[in-house]
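Chemist: Model the following, please.
(one chain, ligands or ions: 1)
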Amino acid sequence: MQISDFKAVILDYVTRDQSGEIIDSSANDGYLTYIHGTESLIPALEQALAGHRQGEKLAVSISCEEAYGERDESLIEGVPRDNFPGIEHIEVGMQFQTEMDEGLPFLVTVVAVDEQTVTVDGNHPMAGKDLNFDLEIIEVRDASADEIEHGHVHHDGEPCQTH
Ligand code: ZN
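Modeler: Here you go, the predicted model:
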């Protein structure tokens with residue numbers, strides 16, 4: 001069966017950045033599962049997978065522009081420590097959800113901290129990285145109506161954890 005819209009797809013994957021360093025892999029996080037055509041992956045990655053079949057292996061390179069965008073240094077800013085009430089310990093690498101002007105949720109990562117100021121970076125952690133995927137297509141099947149409604153793949157016999 002070929003990958004096309006509303007197929008449930010299960011992938012073994014390794015993701016490396018441009019220097020060859022492994023960013024993520026199914027060895028760490030388990031198989032990547034998604035429903036094709038529902039915009040749950042980077043669009044360029046879904047496009048590269050379309051038409052391929054169970055058992056195929058493929059290598060896909062995606063530039064940062066097509067992945068999570070270039071880094072934008074203006075998204076790094078200092079925030080008064082007082083803006084984090086109730087949080088006693090703030091350290092580099094912590095992530096906080098904040099809101100953009102339009103009220104959209106927005107994830108920032110702490111990159112520096114001193115007694116007065118917390119410096120946060122609003123870039124996506126993968127911004128500025130060209131991504132190289134080594135993929136093996138483990139399974140392709142029709143997604144169920146429930147899976148399409150939920151927008152994610154259900155594992156055989158396991159009750160849905162999300163809904
Ligand atoms: Zn579900």
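Chemist: Least confident secondary structure element in the protein?
Modeler: In the chain, no helix or strand scores lower on mean pLDDT, DSSP states H and E than strand 95-99, which sits at a mean of 85.
Chemist: That one: which residues count as buried?
Modeler: Going by neighbour count (16 or more other CB atoms under 10 Å), the buried part of strand 95-99 is Phe96. Where C-beta positions appear, they are placed from N, C-alpha and C, glycine not excepted.
Chemist: Adjacent strands (with direction) for that strand?
Modeler: strand 105-113 (antiparallel) (DSSP bridges).
Chemist: any idea of the mean pLDDT in the strand it pairs with?
Modeler: For strand 105-113, the per-residue pLDDT values average out at 91.
Chemist: Pull out the buried positions in it.
Modeler: 108-110, 113.
Chemist: Please apply the same query to stretch 32-48.
Modeler: 32-36, 41-42, 44-46, 48.
Chemist: Okay, and which of those map to strands?
Modeler: If you go by DSSP state E, the buried residues of stretch 32-48 have 32-35 in strands.
Chemist: what pairs with the longest strand belonging to the chain, and is each one parallel or antiparallel?
Modeler: For the chain, the strand that runs over the most residues, judged by DSSP E, is strand 131-142. Strand 131-142 has the following strand partners under DSSP bridges: strand 7-16 (antiparallel), strand 57-62 (antiparallel).
Chemist: Give me the contact list for the last one.
Modeler: With CB atoms under 8 Å, 6 or more residues apart in numbering as the test, strand 57-62 has contacts from 42, 44-45, 48-49, 52, 130-137.
Chemist: for the most centrally placed residue in the chain, what are its contacts?
Modeler: Centrality entry for the chain: nearest residue to the mean C-alpha point is Leu41, 7.5 Å, by CA atoms, centre = their mean. Neighbouring residues of Leu41 by CB under 8 Å, 6+ apart: 34, 49.
Chemist: And it, how close does it get to the ion?
Modeler: With distances taken as CB to the ion, to the nearest Å, Leu41 is found 17 Å from the ion.
Chemist: Ramachandran coordinates for that residue?
Modeler: The phi/psi pair for Leu41 (degrees, to the nearest 10) reads phi -110, psi 170.
Chemist: what separates it from Arg16, distance-wise?
Modeler: Here Leu41 is placed at a distance of 17 Å from Arg16 (CB to CB, to the nearest Å).
Chemist: and this protein, what are its domains?
Modeler: When the chain is parsed into structural domains using automatic domain parsing, the resulting residue ranges are 7-67+127-150, 73-121.
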